[in-house]
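> sharing a model prediction with you, sequence too.
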Amino acid sequence: MRTDHEVVVGDRRLALTNLGKLMYPEADYTKAQVIDYYVRIAPVLLAHLKGRPLTMKRYPDGVHGQFFYEKRCPEHRPSWVRTAPIRSKPLGRAIHYCLVEDLPTLVWVANLADLELHTSLSLAENMSRPTMVVFDLDPGLPADIIDCCDVALLCRGMLERLGLASFPKTSGAKGLQVYVPLNTPVTYGETKRFSRAMAEALAENEPSRVVALQRKSLRSGRVLVDWSQNDEHKTTVCVYSLRATPTPRVSTPVTWDEVRRAARTRDVRQLALGPDEVLQRVEASGDLFAGVLELEQRLPDTKS
C-alpha cells in the first residue's frame, strides 16, 4: 500500500512515499534512512552535484529488485526542479537532465529511489569541457580493492612526476577511483589521450598487475585502469553517492595515507565504508574531495 508523508524542506513542500520500504533488506535499511542519509550528507554533496547533469539509477524495489537508468528528468517533476538541455547525438535533439543543486531537489530524487547519483565530468554550461580526469580502477577477480590500492599508488607516483595532484575515492562497490582536478580550459580529446597514455604506461610497466584494455579475457587477477570514462557522453558515480551493494556502501573520498595503509595491511574492511561512517568522517575532517572542485591544474602536452 502506498503511504504518503508530506514534509517541508526549505520552502518546498514534498510528498514522500513508502518510507518503510526496505531498500537494503540485508541491513534492514529503509527508504526513510536513504533519504535521511542524503539530507545529512547534503552540506558536502551538493557542491559536487552543482551544475552537473544527473543520470539517475533508480531501484524502486530496493537493491535486489529491477533498476533502471534515467537521463531525462521525469515529466512529473515539481515546477521548481531545475533542468539542463543537453544535446543527444543518437537522438538528434536535447534531453533535459535534472540539476540537483539544493536540498529539496536532492530529497525529491532520493524519494524516487534514486540510490545512485551519476554525474558528468563537465558542467552543463559547457559539456565539451571536462573539469577533471578520472581513472576508474576495476579489479578482475580474484583481484580486489587492495590490488586497486597498489595500482592507485603507482598512478599517483606517475602523476606527481608530471606535477599533478590527485585525489582517491572508493567506488563504493569493488574498486577505487583516482581523480585529477583541472578546472582549466581543456577538451575531452586531450583528457582522453592523456588518460589512455597513462593507463597504457602503467600496463606496460606492470603487465602482471595492470591492464588498459576492456577485454575480459585479459582482466583475470589484474586491475583495469579504465581511461574510457573520460568522455562527454559518459558518467561516473558521484562522490558521497550510495551504491546498490547488498548492504549500504558509499563512494567515499579517502586519503593517500589510508590507501597506503590498506595496501600495507591488505585489509579490505578499511575501505568498505557505510553511510554512518562517512557522516562521521565528514564531521571530523570535512570534505576530503573539495580540492577536486577548487584546484586548478593543466595537463602536460598530449598532442605529440
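Noted; the coordinates are in hand. All values reported here derive from a predicted model rather than from experimental measurement.
> give the closest residue to residue 130 in space, chain neighbours not counted.
Counting by Cβ to Cβ, 6 or more residues apart in numbering, the nearest residue to residue 130 once its immediate chain neighbours are dropped is residue 121, at 4.3 Å. (Glycine included, C-beta is placed from N, CA and C.)
> in this structure the one you found contacts residue 128, no?
No - applying Cβ atoms under 8 Å as the test, residue 121 and residue 128 come out as separate, 11.1 Å apart.
> of those two, who's got more company?
Legend: neighbour count by other Cβ atoms under 10 Å for residue 121 and residue 128, higher for residue 121 (23 against 10).
> ok, the more buried one - contacts?
The neighbourhood of residue 121, defined by Cβ atoms under 8 Å, 6 or more residues apart in numbering, consists of 130-134, 191, 229-230, 234-236.
> of those, closest to residue 246?
Each of the contacts of residue 121 was scored against residue 246 by Cβ to Cβ, and residue 236 proved nearest at 21.8 Å.
> could you pull out the helices for the stretch 151-300 of the chain?
188-205, 256-265, 275-285, 290-294 (DSSP state H, counting those that start in this stretch).
> element containing residue 94?
Assignment of secondary structure by DSSP states H and E places residue 94 within strand 93-98.
> so which bits of stretch 288-297 are buried?
288-289, 291-292, 295, 297 (16 or more other Cβ atoms under 10 Å).
> got JSON lines for those residues, with distance to residue 255 and pLDDT too?
As requested, the buried residues of stretch 288-297 are exported to JSON lines (distance: Cβ to Cβ, whole Å; pLDDT from 0 to 100):
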{"residue": "288", "distance to residue 255": "6", "pLDDT": "98"}
{"residue": "289", "distance to residue 255": "11", "pLDDT": "98"}
{"residue": "291", "distance to residue 255": "11", "pLDDT": "98"}
{"residue": "292", "distance to residue 255": "14", "pLDDT": "98"}
{"residue": "295", "distance to residue 255": "15", "pLDDT": "98"}
{"residue": "297", "distance to residue 255": "19", "pLDDT": "98"}
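> from the residues you listed, which is closest to residue 158?
Lowest distance from residue 158 to these (Cβ to Cβ) belongs to residue 297, with 14.5 Å.
> now that closest one: how far from residue 132?
Going from residue 297 to residue 132 by Cβ to Cβ, to the nearest Å gives 9 Å.
> can you work out which residues contact both of the two?
Once Cβ under 8 Å, 6+ apart is applied, the residues that residue 297 and residue 132 both contact turn out to be 180-183.
> just the closest of those to residue 114, please.
residue 181 (25.7 Å).
> give me the number of residues near that closest one?
Close neighbours of residue 181, defined as other Cβ under 10 Å, add up to 21.
> quick one: residues contacting it.
Taking Cβ under 8 Å, 6+ apart as the definition of contact, the neighbours of residue 181 are 131-132, 165, 167, 291-297.
> which one (most neighbours) among the shared contacts of residue 297 and residue 132?
Looking at the shared contacts of residue 297 and residue 132 with neighbours defined as other Cβ under 10 Å, the largest count falls to residue 180 at 25 neighbours.
> wait, what's in contact with that residue?
Per Cβ under 8 Å, 6+ apart, neighbours of residue 180: 132-135, 159, 164-167, 297.
> so what's the residue nearest the centre of the chain closest to, chain neighbours aside?
If you average the C-alpha coordinates of the chain and look for the closest C-alpha using Cα atoms, centre = their mean, you land on residue 237, 2.2 Å from that point. In space, and not counting its chain neighbours, residue 237 is closest to residue 251: 5.0 Å by Cβ to Cβ, 6+ apart.
> burial of that neighbour, as a residue count?
23.
> return the backbone torsion pair for it.
Note on residue 251: its backbone torsions stand at phi -70, psi 110 [degrees, to the nearest 10].
> was I right to think it contacts residue 245?
No - contact status for residue 251 versus residue 245: not in contact, 10.6 Å apart, counting by Cβ under 8 Å.
> contacts only, for the residue nearest to the centre of the chain.
116-118, 171-172, 243, 251.
> kindly report the same for residue 96.
The contact partners of residue 96, taken as Cβ under 8 Å, 6+ apart, are 72-73, 83-86.
> roughly how far apart are it and residue 261?
According to Cβ to Cβ, residue 96 stands 44 Å off from residue 261.
> ditto for residue 11
Distance, residue 11 to residue 261, using Cβ to Cβ: 45 Å.
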